[in-house]
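Asker: generate coordinates for the sequence data below:
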Amino acid sequence: MKILIVLFLCLNYSVLAQQITIWGKVVDIETNNGLQDANVVVISERTKGTTTDKNGEFKLIADVKASDKLIISYVGFETKSITISELNNISSTPTSDGGVFYRFYLEKKIIPSQTVLVEATVGKQGITPLAFDRIMQKDIEKNYTIYDIPKYLSDLPSTTFYSESGNGIGYNYLSIRGFDQRRITVSINGIPQNDPEDHNVYWLDFPDLLASTELIQVQRGAGSGVFGYPAIGGSINIITSSFSNKTKLELSASYGSYVTRKYSALFSSGLIDNKYSVYAKLGKILRSGYKDKTWVNFNSYYLSAVRYDENFTTQFNFYGGPISDGLGYTGVAKFAVKDKTLRKANYSYWEADLNGYT
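Answerer: Numbers count the residues shown, from 1 in each chain. Sure, this is the predicted structure:
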């Protein structure tokens, strides 16, 4: 009889609703920052919900059963859905009043307008059988300053670059596993950037694009047909959706060696009416150059607008770079490499006579 009573009590506990307090914080798994205005809803007989405060925290009191679901959602992030019984598996810390404080981590998702574009070409660690690296926006913000994309990517394994001007800005060339960039597929938001005639890539046509980049995937080695015919050496996939959920205005100025200057202005509208977002950036890069007459005067603009709907997303991207620069096609003769003055010369050619090179 005692055994039957215990079983009855356990079954009764799981079926009848009970009032509980769910106290926690919704966090961006990449930045570990709290997400303001995230939606937290308990789906039960009496559905109840709330939103997070400026720190990403919330407190929700509801009558729930073990089988009821807790759903946490935020624009631009994967929705998290768990049952009440699974709360014990969530990261938590005990509070001074004997309660529990939960931490719910959300992952950024690819917006619907880029589902085919991105998921078809971006590999997943431990799943995609390819050698590749993924560079996220937070990594770019830490170590990107002014250089063009080949210079920035040259720190990756089996990736090298060289610059005609010697300063990493202007005409730069990238190689992966020994294959030059004519055998590397480069795409921006799924749009091929290789020239249709010679398959080359002219990186100076989109200066300062890294400042508006969300994700870069660099694949080493031949890929599948989705990357296109030049992808013998590898592929570079650049995604430039750089929306922010918060309104911000940034002005910046930088100065470096060889009279390098960079000026930029950035504006983000944040999320408007939970439906619209606008991002805009203007930039200018000036540099005298390491070699003689290899100056650059790069202007850049980037404008992106997005509308989120229930079943799809509409996005427009406009970017470009009106530029002018000095050329430095000819390399330096071997005898002049160690001469600190002569190696900066920008001659159209070098000649040899009986007395040596001129």
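Asker: so how far is the one helix or strand Lys25 maps to from its chain's centroid?
Answerer: According to DSSP states H and E, Lys25 maps onto strand 18-28. Remark: strand 18-28 is offset 30 Å from the chain centroid, using Cα atoms, centre = their mean, to the nearest Å.
Asker: which SSE is immediately downstream of it?
Answerer: Next in sequence after strand 18-28, counting helices and strands by DSSP H and E, comes strand 39-43.
Asker: what angle sits between that next one and strand 18-28?
Answerer: On the basis of axes from the mean of the first three to the mean of the last three Cα atoms, to 10 degrees, strand 39-43 is oriented at 150 degrees to strand 18-28.
Asker: the helix or strand just after strand 39-43 - contacts with which helices or strands?
Answerer: Once the chain leaves strand 39-43, the next helix or strand it forms, by DSSP H and E, is strand 48-51. Counting contacts by 3 or more Cβ pairs under 8 Å, 6 or more residues apart in numbering; DSSP states H and E, strand 48-51 packs against strand 39-43, strand 57-64. From N, CA and C alone the C-beta is placed, and that goes for glycine too.
Asker: can you map out the helices along this protein?
Answerer: 2-15, 115-119, 137-143, 149-153 (DSSP state H).
Asker: quick one: mean pLDDT over the strand holding Lys25.
Answerer: Strand 18-28 shows a mean pLDDT of 88.
Asker: now swap in stretch 348-358 and tell me
Answerer: Stretch 348-358 shows a mean pLDDT of 68.
Asker: just stretch 98-113 next, same as before
Answerer: For stretch 98-113, the mean pLDDT works out to 76.
Asker: so, low pLDDT: which residues of the chain?
Answerer: 1-17, 109-130, 223-230, 242-245, 352-358 (pLDDT under 70).
Asker: got the domain boundaries for it?
Answerer: For the chain, automatic domain parsing gives the domain ranges 21-106, 112-239.
Asker: most tightly surrounded among those?
Answerer: domain 112-239 (a mean of 18; mean count of other Cβ atoms under 10 Å).
Asker: thought Arg343 was touching Val337?
Answerer: Yes: counting by Cβ atoms under 8 Å, Val337 is a contact partner of Arg343 at 5.6 Å.
Asker: same drill for these two, tell me which one is more crowded.
Answerer: Neighbour totals were compared for Arg343 and Val337, and Arg343 leads with 15 against 11 (other Cβ atoms under 10 Å).
Asker: ok, that one - contacts?
Answerer: Arg343 makes contact with 332, 336-337, according to Cβ atoms under 8 Å, 6 or more residues apart in numbering.
Asker: in JSON lines, list these along with distance to Val42.
Answerer: What follows is the contacts of Arg343, written out as JSON lines (distance: Cβ to Cβ, whole Å):
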{"residue": "Val332", "distance to Val42": "69"}
{"residue": "Ala336", "distance to Val42": "74"}
{"residue": "Val337", "distance to Val42": "70"}
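Asker: of those, closest to Leu266?
Answerer: The shortest approach to Leu266 among the contacts of Arg343 belongs to Val332, at 38.0 Å (Cβ to Cβ).
Asker: enumerate every residue touching that closest one.
Answerer: Val332 makes contacts with 342-343, 345, as judged by Cβ under 8 Å, 6+ apart.
Asker: that older thread, which among the contacts of Arg343 gets closest to Gln137?
Answerer: For the contacts of Arg343, the nearest to Gln137 is Val332 (37.2 Å; Cβ to Cβ).
Asker: great, nothing more from me.
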